[in-house]
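> everything below, folded, please.
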Amino acid sequence: MRKRFLSVPFAIVFSIFAGFLQTPFSAGVIKDGVQKASQNSVTGDDNYKKIYRDILTNFYNTGVIGSVDEFYDSPDVDTYKSIDDSILNFYYFTLADVTGDGQSEIIILKRRTNWFFNSVVQYMRIYKIFNGKAVQIFESGSYSPYLFLDNNIIVQDYSECNRDDIGIWAYDTSICNFTLLDDGKDSELIASAKDSLQNNRVKLSSDSIMDFPVTLENIAEAVEKLPDPGIDLYHNITKESKGIASSYKSLYSPILHDFHDDTSKFKLMDITGDNRDELIVKVMPKGEDFYGIYGIYGIVDDKPRLIGFVTNSGGDFFVFDDNTLLSVDFSEYGTYGSEFHYYSYDPDISRFTLVKEGQYRNGDRDYLRELLKKPIKLRESDIDTDINDANIEAALK
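Coordinates of the predicted model:
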């Protein structure tokens, strides 16, 4: 699998997806909208603590945090009364500022035994509060721990992995997401991460999170200790529209040339409603390993960034007229057991975010059937332009 999309060490034989990868990186500078909110808004105790408490309590009771559903693919999901009913998974959490803006993120660690390899896999997810809601900003899975460095970088523990396969992520304020660093484009940030490791500038380890299982008692204790972020978490992000040069399409050229001479296809189309074309790249199309990966690039802060990432196996991919995305993993749409993931574009953070994922929960089948009634702007088969020099030149004129 191509490292441009996947951020998991290649030793793992199944797919777990992490943050989006960008081209030239911008990290460590808080967005203007967040800064303004910090300066102009003050939160009371009942306000910001209630947000965290409600989000975590709902996660304990339902397995849902933000739009991420831990149990949607379990046939027994409607019998669960809390995450304790999932006997194969064990959940831990902490609240800590790992993006450097003074606001605590919700870090969820799931541990699951892989009986085939006789080892334990840990899945790390990080959520940030935007406008009162939890939005996922990092996801990855590994047999090795994660280290959170003091420069807002996440590193897989070098002591457990081959250095060539190590994942290093930094927080990109332009799309409010941790993104996988590239050895060539992000060499300075990677050097900074290694320097922090060598000098033991580590603020948090995923191993330490295992001291705090997700229980109602631990949620209450952690929330009570939360420092006031000094911002209104119900209105903590805004973004000003920026003009862009008419030649913006040329910025996609390095992305397309990176996929040159492989089996990928591409399409240029406005699927965010901003009157500019986004670049959709289809990697590993159906028929090749029975897997589809769709990367959506947009121009954010004058640079091309991966603003959407969708996968499916043997199903289909749609963009609807309202610029929402749907991935369905089975061809018999609308029937019991059809897995789906539904996304919408969030202009406040300049990327697509999950709206709902479903399969076995009560109501999922009807929800999917209603989605499939929506007018379609683009489907998987429409992403059909080969990536070669002639097609790149013609598309980017």
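
> which strand residues bridge residue 93?
residue 108 (DSSP bridges).

> and it, how many residues sit next to it?
23 (other CB atoms under 10 Å). C-betas here are computed from N, CA, C, even on glycine.

> so it makes contact with residue 214?
Yes - using CB atoms under 8 Å, residue 93 is in contact with residue 214, at 5.2 Å.

> now do residue 17, the pLDDT please.
At residue 17, the model reports a pLDDT of 33.

> I meant residue 259, not that one.
83.

> give me phi/psi at the nearest residue to it once chain neighbours are set aside?
In space, and not counting its chain neighbours, residue 259 is closest to residue 387: 5.0 Å by CB to CB, 6 or more residues apart in numbering. For residue 387, the backbone dihedrals (degrees, to the nearest 10) come out as phi -90, psi 100.

> mind listing the shared neighbours of residue 93 and residue 214?
Common neighbours of residue 93 and residue 214, counting by CB atoms under 8 Å, 6 or more residues apart in numbering, are 56, 108.

> what lines up beside the helix or strand hosting residue 279 in the sheet?
Assigned by DSSP states H and E, residue 279 belongs to strand 278-283. Counting by DSSP bridges, the strands paired with strand 278-283 are strand 265-269 (antiparallel), strand 292-300 (antiparallel).

> apart from its chain neighbours, what residue comes closest to residue 272?
Leaving aside its chain neighbours, residue 272 sits nearest to residue 345 (4.6 Å; criterion: CB to CB, 6+ apart).

> quick one: contacts for the one you found?
Contact analysis of residue 345 by CB under 8 Å, 6+ apart lists 271-273, 307-308, 323-324, 351-352.

> beta partners for it?
Applying DSSP bridges, one finds that residue 345 bridges with residue 352.

> roughly how far apart are it and residue 298?
Residue 345 sits at a distance of 9 Å from residue 298 (criterion: CB to CB, to the nearest Å).

> overlap of the contact sets of those two?
Common neighbours of residue 345 and residue 298 (CB under 8 Å, 6+ apart) are 272, 307-308, 351.

> just among those, which is most surrounded?
residue 307 (27 neighbours).

> what angle sits between the helix or strand that one falls within and strand 292-300?
If you go by DSSP H and E, residue 307 is part of strand 303-312. On the basis of axes from the mean of the first three to the mean of the last three CA atoms, to 10 degrees, strand 303-312 is oriented at 160 degrees to strand 292-300.

> on contacts alone, who are the packing partners of strand 303-312?
strand 278-283, strand 292-300, strand 324-328, strand 340-346, strand 351-358 (3 or more CB pairs under 8 Å, 6 or more residues apart in numbering; DSSP states H and E).

> and whatever helix or strand comes next after it, which residues are buried?
Using DSSP H and E, the next helix or strand after strand 303-312 towards the C-terminus is strand 316-320. Going by neighbour count (16 or more other CB atoms under 10 Å), the buried part of strand 316-320 is 316-320.

> then stretch 94-111?
94-101, 103-111.

> just those residues: which are in strands?
94-96, 105-111 (DSSP state E).

> how about those residues in JSON lines, adding pLDDT and distance to residue 397?
Shown next, in JSON lines, are those (pLDDT from 0 to 100; distance: CB to CB, whole Å):
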{"residue": "94", "pLDDT": "97", "distance to residue 397": "50"}
{"residue": "95", "pLDDT": "97", "distance to residue 397": "50"}
{"residue": "96", "pLDDT": "95", "distance to residue 397": "48"}
{"residue": "105", "pLDDT": "96", "distance to residue 397": "42"}
{"residue": "106", "pLDDT": "98", "distance to residue 397": "45"}
{"residue": "107", "pLDDT": "97", "distance to residue 397": "45"}
{"residue": "108", "pLDDT": "97", "distance to residue 397": "46"}
{"residue": "109", "pLDDT": "96", "distance to residue 397": "48"}
{"residue": "110", "pLDDT": "95", "distance to residue 397": "47"}
{"residue": "111", "pLDDT": "91", "distance to residue 397": "51"}
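
> and of those residues, the nearest to residue 75?
residue 110 (19.1 Å; CB to CB).

> what's the strand holding residue 279 in contact with?
2, 5, 252, 255-256, 259, 262-272, 292-298, 304, 307-308, 378, 380, 383, 387.

> what's the angle between that strand and strand 324-328?
Using the same axes, to 10 degrees, strand 278-283 lies at 10 degrees relative to strand 324-328.

> check the offset of strand 278-283 from the chain's centre.
17 Å (CA atoms, centre = their mean, to the nearest Å).

> so where do the strands sit in the stretch 101-250 of the chain?
Under the criterion DSSP state E, counting those that start in this stretch, the stretch 101-250 of the chain contains strands at 105-114, 119-130, 133-142, 146-149, 153-156, 168-172, 177-180, 202-205.
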